[in-house]
Structures are given as C-alpha cells and as structure tokens.
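Peer 1: One predicted model, sequence on top.
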Amino acid sequence: MSLATLFARSLANASKASNLPTIDDFTQELIQSSLKDISALSSRIAGLSLFSPNETLEDISTADLVYLLVPYVLSEVRGRVRTTEREERIVVLKQTQKDLQSYLLYLDNYEIVPQDERALYDRRASAIGDPPKRRELKIKQYQKEKDLKARIEALRKRRRQTPLLDDAATDFDLIASLLPSKSQAGDEEDDFDSETEDILREATLLLLRLKHAQTQTQLGNLEQELDLLSKAPPSSPRPPRQEADDRRSKTRESDDDMWKLDAPRPSLEADGKGSLLDSSGKVLRPFTILPSNAAERARLQQQVFGPGYRLPTMSIDEYLQIEKERGNIITGGGPASETAPTSSEQLALDAEMDGTFDGEEKSETKRMKDENWARFTDENPKGAGNTMNRG
C-alpha cells in the first residue's frame, strides 16, 4: 500500500471519529484503526529516511511535504484514545507531547515558520500577568490564524477544490485534500504542471504554519492538564472482586428484606381479622386509622375519589346577578350618558306630546313641578339664606 493511500485511510477514520462521542465503542474502533495506520505510516517514513536533517526545504518534493504533518496527526489521534485511569491518561498526554515536539522539530529544521510568527507564538498568554497585554497577544494570534486559513481557502479555490469552511469539515479533511486523488494514489511520483505544483506547495506550507500555531496552543493545554493530574490525589485501590461480590450480595439481601411481602400468618382468622400486634409490638396485619364517628367516616369515604380542589357552586351569570343586587356593579356613565337628556329635559319632551294620555299626564306632572318650584322661590327669595356670617 502506498504512503498516500495509508495516510488517506488514517485521515478518513480520524475525521469520522472527530464528530462522535469519545466514550462510544464505535468511535474507539475508528480511533484505534486510524492510530494503527498513522503509526505504520510514521515507521515507514522513518525507514525510508524521507526527511533528513542534511536537506533543506527546497530539497523536499511537493508531494512529500504533506508527510511532515504525520507527527501532528499522530498526536491528534492519540489524544482521543479513551482512558479510565489517571496513570493511563498521563502516559497518553506525555506521548502526545512528544509527537507535537517532533512536529515542531521538523518545522525548525527546515525553517518553514517565519521568525516573526515564531516569536508571536513562542510567547504564552498564560505567562503574561497584565490582562490587557494578554488579551492583545491572543487577538494577534487569532488574527494570524484567521489570515492563514483565508489564504489556504483562496489557494483551494485556485485548485478548483470545494471549500472546507462548513462546520462538518475537520482539519483531517483539510490535510487529506493535499494528498493525491484516488486516480493518482497508486503513483506518488505523479508529475504536476508548474502552476499546480506551486499552488499545492504554497498551500502545504501555509497549512504547516497554521498547525504550528495550533500546536503551540495544544502544548500549553497539555502542560496544564499534566500539572492538574500530577497534583490530583491518588485514586483509591479497588477492593478484591470476592469482597465486592460479598458486599453486593449483602446489599441485595438487605433490600430484599426491606421490600419483601410477608406471607399470611396462620394466626389470622378467615375474614382476615385477628390480633393487630404480637407480644413484641410488631404489626401483624395492615390497618387504617379512622374517626369513631360514622358520619365523619362516611364523609371521608365520599372524598376518596373526589377531586383535590374545590368545585364551583354557581355559574358566572348567577354570581354577577348576586353582585348586581348587592350594588357592587356600577351602571351608566360613558359617552351614552353624556348625550342622554336629563330628567327635566325628558319630562319637558314628554309633556309636548299633545293628544295622548301619557302626554297629558306628563304635562300635569310638569305643571305641578313648576308650581312647587315657584312656591319655593316665593318663600325663599334669592339671598335669603345668606347671613353674611352674622349667625
């Protein structure tokens, strides 16, 4: 199997496992398969002496540049291996740390990362005490990573490849896009035209620089996790299996004794009645405490299947009628009462209905009202009640 095919299979399995829960068995099968392939690929690269410290970056062919990412991919896959014990996790973290340091050593030997980028990412944000300066450093590092990603996507468009900016794409898919296609996988010495080779070489170098930035961040996270695990208290030793089984059986027996139903006792009579308590005070049969009054027992019995809330005793219309009779509802007012005639105006209008019995009756009522008013004004002239505060 060619190096490109082995690398592509490992990246495909790692990409599938990256979006799945790590604790699942299926995810661990994918991770172990990817780890096996990437480890075999790393051994074959070392056996072939594909990269030599005596070479320069110009001596490495464009097709072989992508294999500089093998230690980085190995660290990513190894970091997702499921561990249950603290010691196992520490071993995995140290191996992952070695893989990342091997990747950085490659980049330093071939001087792939410019000096300004190296100085930017060599500074750890956690080591800076001033919050504004720490924030400024993080912003600069983030902007640099964003710029590298944008340049990589621009080169992918020039190669007429589908962009990988969607959420479903992973870093493994981005690395796999730099490998030869399936039609070219069997021939790793495939010749590229000058323009295609320049674009592919530039995209690979940009990806190596991007992973350098992410590697520095991951190394800082690994150091923090190793520090936490080293300071954590040791886990308590597990009890022997025989003791654990005995403890589990005792717990099960106590639970059975708690929830087991007692068999009917022979001391009970045919109707289920008999002694309520034995000589030691243990209850022999179920019982219910009820009041001695028969009427109260009947009332409680009727409430057994009733609702747990109070039911209404009247309808809404009946309630409103009662409130109206009590005078708690105010009627009238509003625009209609403003335009309606007063009692005096209505009486004058009714009195003008000549030739009718109601009209004559209202006319007589109006006359009597006017006479009463005239008599009142005669007996009480205007200003008669004003004593000017003289008593």
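Peer 2: Ah, there it is.
Peer 1: quick one: the helices in the stretch 101-250 of the chain?
Peer 2: Ranges of helices in the stretch 101-250 of the chain, per DSSP state H, counting those that start in this stretch, are 115-122, 131-158, 171-176, 194-231, 241-259.
Peer 1: Can you say which of those helices is nearest to Arg82?
Peer 2: Comparing the helices of the stretch 101-250 of the chain by their distance to Arg82 (C-beta to C-beta), the top pick is helix 194-231, with 15.6 Å. The C-beta positions use only the backbone N, C-alpha and C, and glycine is treated the same way.
Peer 1: next one: the closest one to chain centre, how far?
Peer 2: Centroid separation for helix 194-231 versus its chain: 29 Å, with C-alpha atoms, centre = their mean, to the nearest Å.
Peer 1: Show me which residues of that helix are buried.
Peer 2: Going by neighbour count (16 or more other C-beta atoms under 10 Å), the buried part of helix 194-231 is 199-201, 203-213, 215-216, 218-219, 222.
Peer 1: Now do that helix against helix 131-158, angle only.
Peer 2: Computed by axes from the mean of the first three to the mean of the last three C-alpha atoms, to 10 degrees, the angle separating helix 194-231 from helix 131-158 equals 140 degrees.
Peer 1: Going forward, count from 7.
Peer 2: With 7 as the first residue, the last one maps to helix 200-237.
Peer 1: what mean pLDDT does helix 200-237 have?
Peer 2: When pLDDT is averaged along helix 200-237, the result is 85.
Peer 1: ok so, going back, any chance of CSV for the helices of the stretch 107-256 of the chain, columns distance to Thr28?
Peer 2: As requested, the helices of the stretch 107-256 of the chain are arranged in CSV below (distance: least, C-beta to C-beta, whole Å):
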stretch, distance to Thr28
helix 121-128, 27
helix 137-164, 25
helix 177-182, 15
helix 200-237, 15
helix 247-265, 27
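Peer 1: among the helices and strands of this structure, which has the poorest mean pLDDT?
Peer 2: Taking mean pLDDT, DSSP states H and E as the measure, the helix or strand of the chain with the lowest value is helix 247-265, at a mean of 68.
Peer 1: what's the following helix or strand after that one?
Peer 2: From helix 247-265 onward toward the C-terminus, using DSSP states H and E, the following helix or strand is helix 300-308.
Peer 1: Please enumerate residues in contact with that next one?
Peer 2: Helix 300-308 is contacted from outside by Leu296, Pro297, using C-beta atoms under 8 Å, 6 or more residues apart in numbering.
Peer 1: redo that, cut-off 6 Å
Peer 2: Identification of contacts with helix 300-308 by C-beta atoms under 6 Å, 6 or more residues apart in numbering yields Leu296.
Peer 1: Read off the pLDDT value for the closest residue to Ser24 other than its chain neighbours.
Peer 2: Sequence neighbours aside, Thr176 is the residue nearest to Ser24 in space, at 4.9 Å (criterion: C-beta to C-beta, 6 or more residues apart in numbering). For Thr176, the pLDDT comes out at 80.
Peer 1: How about Asn334?
Peer 2: Reported pLDDT for Asn334: 90.
Peer 1: tell me the SS of it?
Peer 2: Recorded secondary structure, Asn334: coil (DSSP: H, G, I helix; E, B strand; the rest coil).
Peer 1: Distance check, Thr294 against Leu110.
Peer 2: Counting by C-beta to C-beta, to the nearest Å, the gap from Thr294 to Leu110 is 79 Å.
Peer 1: Just list what the strand or helix carrying Leu17 packs against, helices and strands only.
Peer 2: In the assignment (DSSP H and E), Leu17 maps to helix 9-24. Judged by 3 or more C-beta pairs under 6 Å, 6 or more residues apart in numbering; DSSP states H and E, helix 9-24 is in contact with helix 31-54, helix 177-182.
Peer 1: And the contacts of the host helix or strand of Glu370?
Peer 2: For Glu370, the host element (DSSP H and E) is helix 363-385. The contact list for helix 363-385, computed with C-beta under 6 Å, 6+ apart, reads Leu353, Asp356, Ala357, Met359.
Peer 1: Average pLDDT for that helix, rounded please.
Peer 2: Mean predicted confidence for helix 363-385 is 90.
Peer 1: Tell me which residues of that helix come out buried.
Peer 2: Quick answer for helix 363-385 (16+ other C-beta under 10 Å): Lys368, Ser369, Lys372.
Peer 1: what do you get for stretch 109-120?
Peer 2: Tyr109, Leu110, Tyr112, Leu113, Asn115, Tyr116, Ile118, Val119.
Peer 1: Which one of these is nearest to Leu283?
Peer 2: Of the buried residues of stretch 109-120, the one sitting nearest to Leu283 (C-beta to C-beta) turns out to be Tyr109, at 79.9 Å.
Peer 1: tell me the contacts of that closest one?
Peer 2: Neighbours of Tyr109 in contact, by C-beta under 6 Å, 6+ apart: Pro77, Tyr78.
Peer 1: ok, it to Arg303 distance?
Peer 2: Relative to Arg303, and taking C-beta to C-beta, Tyr109 is found at 85 Å.
Peer 1: Can you list the low-confidence ranges for the chain?
Peer 2: 130-133, 135, 165-175, 187-200, 241-251, 261-279, 393-397 (pLDDT under 70).
Peer 1: Kindly recompute the last result at 50.
Peer 2: 171-173, 189-197 (pLDDT under 50).
Peer 1: Would you point out which residue is most central in it?
Peer 2: Nearest to the geometric centre of the chain sits Pro27, at 15.9 Å (C-alpha atoms, centre = their mean).
Peer 1: So for that residue, what's the nearest residue that isn't a sequence neighbour?
Peer 2: Using C-beta to C-beta, 6+ apart, the closest residue to Pro27 is Thr33 (6.1 Å).
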